[in-house]
Structures are given as C-alpha cells and as structure tokens.
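Chemist: Predicted coordinates and the sequence they were generated for:
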Amino acid sequence: MLDPAKTASDLTRHFVAWVRGAAPYIHAFRGKTFVIGFGGEVATGQLGQALAYDCNLLAALGIRLVLVHGARPQIDAEMERRGLESRFHNGVRVTDAAALDCVKSAMAVTRLELEARLSQGLPNTPMAGSYMRVTGGNFITARPVGVVDGVDLQFTGKVRKIMADEIAADLDQQNVVLISSLGTSPSGEIFNLPVEEVAESVAVALNAEKLLYLCDAPGLLDEQGELIDSVTADEAERMLLAGQGLTEDLDLFLPCAIRAVRQGVHRAHLIDRDRDGGLLLEFFTHQGVGTILSRDPLFRLREATVEDVGALVTLLEPLEADGTLVRRGRELLEQEITRFSVVEHDGVLVGCAALYPFSEEKAGEMACVAVMTEFRRAGLGEMLMRRIERRAREQQLEALFVLTTRTAHWFRERGFDEVSPDRLPSLKRELYNLQRRSKVLMKPI
C-alpha cells in the first residue's frame, strides 16, 4: 500500500523542483515576443479552452503574445452547409467569390470564439481574476497569388506587408494580439491567406524570440519514429526534401519554420496540438515536448566564467550528494573556474568537465564530468571529453586520466584503460583517497 504522506512529499518535491527549473526560462522570456500559429482545429472545443488557459499564463509572466489562427475545417463546414465544393491546388484552397464569403463568415465566427475564450475570468479556473486585453487590426497587406500551373487561385493571397510597428505598439500596451489569416489590398479586396505564412511573416517582421506551430504531429521524427528534439534549419531542409516523417501540417509548417529562423527568428517550435499543456512543457522544461528549429546547433560548448559558478553548484550538487563526485565548495569552484568547460542548451548550462594539468608528468586529470539527467543521451559527455582532450593537447600533455567510482565502463568504452593508482602523477598519488577506492583510468592523447 502506498504511504499517503510519502506520496504527498514526493509530489511536493517534484513540484518545487519543476518551479525552480522553470525559473531561468521565466526570467529569460519576460518581455520577449512569441508568435503562435494554429489551424481551426485548435480554435474551438477543449483544445481552444486549453490554449486560452496556457496563453493567459504566458501573458501573466510578461511574454508578448501574438496569436495567428486559421479556420480551414470551419470554412469546409460552411461551404458544405451552403452546398459548395471545396477546391484545392497543391494543398492551397482555390478561393472564388462564393468561397470567399464562406471564408469571411467562418473566420469571423472562429475569431469571436477565440476572443471569448481569451476573455474568461471565472472563479475556480486557471483564468480566475485575470483580464486579457485582446486586440487586432488591419495589420496585413496582401496580394493575390494569381495563376499557378494554369489554375487561377482568385482570392487566395500572399502576404505583401506586415504593419510591424502597429502590432508592436499593441504589445507595448500589454495586449494580446489576435490575427486572423486574412489580408486586404490597397484596392480594398480581401484575400484568404495560409495561416502558416501569416505566422511566419509576423514573426520575422517583429524579430520574434519564438515562432511556434501547433500541428498534427509531436514534431519531427527520425527514421525509427523517435522524436527529434532539436534540429538546425539545414538539417530540417534535408528532411523536408527527403519527405522524411512529414504529415499534412508539417509539410506546410516546416518550410515556414525554416525560413523564419534563417531570417532572424531566434527559435521555431513544432509541437503536438493535442498535447495538453504543450506550450508550458515546451517553454518551461529543459527537455521540452516538440522539435526546436534553430539556425545554429542548440548546444554550445565554451569555457566557463565566474558567472557560471552558481549554475555549476546546482549541476554538481546531486552527484556530490550521492558520492559520484567529490564535494567542492562554491569558493573552490570560483578559484578553479578557468579549469572548467561547460555546455549550454538554449542558454541554460547543462553539462561541465574540468581539466587539472600536471605539467611535469605531462598528464592531466579530467574531473567533474557532469551532465543533467535529461540530456545524458544527447552525446554531451563525449563533447566535453573531446574539449578536455583538446585543451590537454594544447598544454602539451600526453595522457589524460580520471578517477571514478561509478562510471568506469563509460570511460573504458571511450579508450580509457584501468591502471594502478601508482601510475598517477606524484602529487595526485599523495592525495589519493584509499577509503573512496576510486578506479583510475588513463588514456594517451
């Protein structure tokens, strides 16, 4: 039988750990602009309700939100109600005059429903006591797509210009900006626009921190069907050209995400529209739940600075507590900070290793190798090992050694051989802790 007190204690501990883990992201994202694009499937029902709850929290945390919505299923339903047949060319709706009337009707109703959900404030709900000001406007100038492969798309359009200053002015007033995927021309015509292209154009025009698409898949998948948590624009383009793991939504959203990060959007995200709390999990946990696209790799390897000491203390504490690593105080870390190399994931320190040289014996100790649990399958340990090996060679060292009680097999698999403590440099040999009985592994470099 489960102990209720122990269960409650575990839940409390996990909750506290989650909130503390989310804190760096809350600080980093305050005042930043997020553009969230989604289709009509997300705009209504339980998905729309959950989206409103999560957007309310994001706005309360000081994130500048722009929501861009489509209405394809609502348009299809309206056309069916009127006895009209939907026509598409290469996945793009052919919008004639009759279809445009359906588009305007469906888009208006969908927008009103979204505004109503975002305006809730009932007691005993996540939006209790809140009030979100939702604004919009004629922010998009459009032009017709024209004739493609001999097919006149008529009132189907493309983005011509985004009134970025006007959107930014609304965001400065702490408003949530809601944009429908419609645009107007200088001649007063209305054009039906692809939601994914509107979201891309808005994100680029605003130089947004993040562009996020809610789609019909968990994100990009590899050949084994496993989620790819991060990918560069170049890698994503190769997957797109190969047609690897693409769904109906991904085929539309992925090209826009690639273009956006190449044009200055910091990150683009693809997450499952059916994942409850997906926005919160993607933005405020280390591992996220979808696929992140960036222009450059998310992991960054660099040398540590004194500003990293606090993060190093947090990273090393669990391994020191269970005896995996020898305890080091904050003061000692500050003194030895130049010995450390660290790896960041999207600006958060997630791994480290240190090099302690013994120049007379031309050997160096690789110490304090630590990687956050959720990133231990990302190859960061090997990245850090290669960085330490390079630093050792730069110092004309000829061998690298480690002392470990728990991870000897990991090092053996990477070219280290177990040796006697007598092989240690003399100064290190004098400090060797017989009670700890660490295994000594060495590797020529």
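Modeler: Cool, got the structure.

Chemist: Mind checking the pLDDT average for stretch 38-57?
Modeler: Mean per-residue pLDDT for stretch 38-57: 92.

Chemist: which of the residues in it are buried?
Modeler: 38-44, 47-48, 50-57 (16 or more other C-beta atoms under 10 Å). All C-beta atoms are positioned from the backbone trio N, CA, C, and that covers glycine.

Chemist: Contact partners for the residue most central in space within the chain?
Modeler: With distances taken as C-alpha atoms, centre = their mean, the residue of the chain nearest its centroid is I292 (4.6 Å). Each residue near I292 by C-beta atoms under 8 Å, 6 or more residues apart in numbering is listed here: 229-231, 267-269, 298, 346.

Chemist: Restrict those residues to the buried ones and give me that as a PyMOL selection.
Modeler: Entered in PyMOL, the line below selects the buried ones among the contacts of I292, by 16+ other C-beta under 10 Å:
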select buried, resi 229+230+231+267+268+269+298+346
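
Chemist: Out of the contacts of I292, which is nearest to G364?
Modeler: Closest to G364 out of the contacts of I292 is L298 (28.8 Å), distances taken as C-beta to C-beta.

Chemist: Report whether the expected contact of the closest one with I228 is present.
Modeler: No - with contact defined as C-beta atoms under 8 Å, L298 does not reach I228; the gap is 11.5 Å.

Chemist: re the thing from before, narrow the contacts of I292 to those in strands?
Modeler: Using DSSP state E, 230-231, 267-269 are the members of these that sit in strands.

Chemist: how about low-confidence regions in the stretch 51-200 of the chain?
Modeler: 122-124 (pLDDT under 70).

Chemist: quick one: the strands in it?
Modeler: Applying DSSP state E, counting those that start in this stretch to the stretch 51-200 of the chain gives strands spanning 64-69, 88-89, 92-93, 134-135, 140-144, 147-148, 151-152, 157-162, 176-180, 182-184, 190-192.

Chemist: Nearest to L397, out of the ones you listed?
Modeler: Nearest to L397, of the strands of the stretch 51-200 of the chain and by C-beta to C-beta, is strand 64-69 at 49.8 Å.

Chemist: From the rest of the structure, what touches the closest one?
Modeler: Contacts of strand 64-69 with the rest of the structure, by C-beta under 8 Å, 6+ apart, involve 31-40, 42-43, 55, 58-59, 110-111, 114, 167, 171, 176-181, 195, 198-199, 202-203, 206, 208.

Chemist: what do you get for stretch 388-408?
Modeler: Applying C-beta under 8 Å, 6+ apart, the set of residues contacting stretch 388-408 is 323-324, 341, 353-355, 357, 359, 362-367, 369, 411, 416, 418-419, 423-424, 432, 436-445.

Chemist: Give me the buried positions along it.
Modeler: Buried positions in stretch 388-408, judged by neighbour count with 16+ other C-beta under 10 Å: 388-389, 391-392, 397, 399-404, 408.

Chemist: picking that back up, the residue nearest to the centre of the chain in helix, strand or coil?
Modeler: Following DSSP: H, G, I helix; E, B strand; the rest coil, I292 is assigned to strand.

Chemist: so who does the closest residue to it other than its chain neighbours touch?
Modeler: Using C-beta to C-beta, 6 or more residues apart in numbering and skipping residues adjacent in sequence, the residue nearest I292 is S230, 4.6 Å away. By C-beta under 8 Å, 6+ apart, the contact set of S230 is 291-294, 297-298.

Chemist: Do you know the pLDDT at S230?
Modeler: 87.

Chemist: can you tell me which strand in the chain is longest?
Modeler: strand 348-358.

Chemist: Report the angle between the following helix or strand past that strand and strand 348-358.
Modeler: Heading C-terminal from strand 348-358, the first helix or strand you meet, by DSSP states H and E, is strand 363-371. If you take axes from the mean of the first three to the mean of the last three C-alpha atoms, to 10 degrees, strand 363-371 sits at 160 degrees to strand 348-358.

Chemist: change the start of the numbering to 603 and stick with it
Modeler: With 603 as the first residue, the last one maps to strand 965-973.

Chemist: Can you list the strands that strand 965-973 pairs with?
Modeler: Strand 965-973 has its sheet partners listed here by DSSP bridges as strand 950-960 (antiparallel), strand 1001-1006 (parallel).

Chemist: how about the CA coordinates for that strand, as PDB?
Modeler: Below are the C-alpha coordinates for strand 965-973, written out as PDB (Å, rounded to 0.1, in the frame of the first residue of the first chain):
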ATOM      1  CA  ALA A 965      49.400  14.300 -17.700                       C
ATOM      2  CA  GLY A 966      46.100  15.800 -16.900                       C
ATOM      3  CA  GLU A 967      43.100  14.900 -14.800                       C
ATOM      4  CA  MET A 968      39.600  15.100 -16.300                       C
ATOM      5  CA  ALA A 969      37.300  15.800 -13.400                       C
ATOM      6  CA  CYS A 970      33.800  16.900 -12.500                       C
ATOM      7  CA  VAL A 971      32.200  15.400 -15.600                       C
ATOM      8  CA  ALA A 972      28.500  16.000 -15.100                       C
ATOM      9  CA  VAL A 973      25.500  16.200 -17.400                       C
END
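
Chemist: ok, and what's touching that strand?
Modeler: 917-918, 921, 927, 930, 942, 945, 952-960, 982-983, 986-987, 990, 994, 997, 999-1005, 1009, 1027, 1030, 1044.

Chemist: Show me which residues of that strand are buried.
Modeler: Buried-residue list, strand 965-973, by 16+ other C-beta under 10 Å: 965-973.

Chemist: Could you give the average pLDDT over it?
Modeler: According to the model, strand 965-973 has a mean pLDDT of 94.

Chemist: Next one: L653 relative to D774, how far apart?
Modeler: 23 Å (C-beta to C-beta, to the nearest Å).

Chemist: ignore the last one, A710
Modeler: 27 Å.

Chemist: more neighbours, these two?
Modeler: Shown here are A710 and D774; by other C-beta atoms under 10 Å, A710 has more neighbours (14 against 9).

Chemist: about what we covered before: just the buried residues of stretch 640-659: which are in helices?
Modeler: 642-645, 649-650, 652-659 (DSSP state H).

Chemist: Just name the closest of those residues to M681, please.
Modeler: Taking C-beta to C-beta as the measure, M681 lies nearest G642 of those, at 13.0 Å.

Chemist: Who are the contact partners of P857?
Modeler: With C-beta under 8 Å, 6+ apart, P857 has these contacts: L842.

Chemist: Which strand or helix spans it?
Modeler: helix 850-864.
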